[in-house]
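# Predicted coordinates and the sequence they were generated for:
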Amino acid sequence: MAANKKTAEADYSMQEKIVALYELQKIDSQIDEINKIKGELPLEVQDLEDEIAGLNTRIGNIEAEIEELNNLTRQRKREMDTAQMQIAKYKEQQNEVRNNREYDAISKEIEYQELETEYAKKRLKEYAAGIETKKAALESAKAVAEERNVDLASKRGELESIEAETAAQVAELEVKAAAAKKKIDERLLAAYNRIRKNVRNGLAVVTVRRDACGGCYNRIPPQRQADIRLGKKVIVCEYCGRILVSEE
C-alpha cells in the first residue's frame, strides 16, 4: 500500500490528481444516482428484518412461558393426586383410632391436605387462564410475524430486481472509480471520503460556477479562483469545506 502511495505521488502531478479526484466524484455521483432508484428499500428491508427478529424472540419467550405454566400445571396435579391419596389414607386410619387425641390429629392432617388441594385447584385455574392469555399473545405475534415475512419477501424481491438491473452498470463504474483512485494519494482520498460523508448530497468536489462555489454558492475571490485554475494545490471552500476545481 505504501508503494502504491509513492507511485501515485511520483507519477502524477497535483493537477492530475485533482482531475482524477473530480472524475472520481462524477463516477461516485453516478453510483449515488443509481442507489437513489432503490430509495428507502434497503432501510425498509433492514427494519423488517429487525422487527421479525424481535417478533421471533418474543414468540420464543412466550412459548417458553407456556411450557413453564404447563410444567407447573403438571406439578400441581401431581400434588393434588398425592393429597387425595393422603386424605383417603387418613380417613381409613380414622376408623381405627383408639382415642379422641388420635382422631383430632388425623382430622387436622385431613384438613391440611384438603387445604392443599383447594390451593392447588386455585393455582391450576390461574395457570389455565395464564396459558390462554399466552396462547392468544402467541397467535397474535405469529400472525404479525407472518405478515412481516410476506412484506419482507416482497421488499427483498423488489430490491434484488433493481440490483440485478443495475449490477452491470455499477460494476463498470466501480472499475472506472478504481482506475481514478490509483492516481490519487491516500491522504487526499481519505479527505475526499470524509467530506463525502459529511455533506448531504455526497458532493465532495465541486466546480466554481459564476464566481461561486458549486456546493454552497458562496462567492469565491478572484485570486482564489486563479489558484484553483492553476491546479498546483488542493483548495477547499472556506464556507462548506468542499474541494474546489475549475470548470475548465
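Thanks, I have it.

# immediately after the lowest-mean-pLDDT helix or strand in the chain, which helix or strand?
When the helices and strands of the chain are scored by mean pLDDT, DSSP states H and E, helix 2-11 comes last with a mean of 51. Scanning forward in sequence from helix 2-11 by DSSP states H and E, the next helix or strand is helix 14-38.

# which outside residues touch that following helix?
Contact with helix 14-38 is made by 8, 12, 159, 162-163, 166, 169-170, 173-174, 176-177, 180-181, 183-185, 188-189, 192, 196, 202-205, 207, 230-234, 243, 245, as judged by C-beta atoms under 8 Å, 6 or more residues apart in numbering. Bear in mind the C-beta positions are built from the backbone N, C-alpha and C, glycine included.

# repeat for stretch 156-176
For stretch 156-176, contacts defined as C-beta under 8 Å, 6+ apart pick out Glu23, Ile27, Gln30, Ile31, Ile34, Ile37, Lys38, Leu41, Pro42, Val45.

# one step back: for the buried ones among the contacts of helix 14-38, write the corresponding PyMOL selection.
Selection of buried members from the contacts of helix 14-38 for PyMOL, criterion 16 or more other C-beta atoms under 10 Å:
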select buried, resi 8+12+159+162+163+166+173+177+180+181+183+184+185+188+189+192+196+202+203+204+205+207+231+234+243+245
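
# quick one: which of the contacts of helix 14-38 sit in helices?
The members of the contacts of helix 14-38 that map onto helices under DSSP state H are 8, 159, 162-163, 166, 169-170, 173-174, 176-177, 180-181, 188-189, 192, 196, 230.

# Who are the packing partners of whichever strand or helix holds Arg194?
Element membership for Arg194, per DSSP H and E: helix 186-198. Helices and strands touching helix 186-198, by 3 or more C-beta pairs under 8 Å, 6 or more residues apart in numbering; DSSP states H and E, are helix 14-38, strand 243-245.
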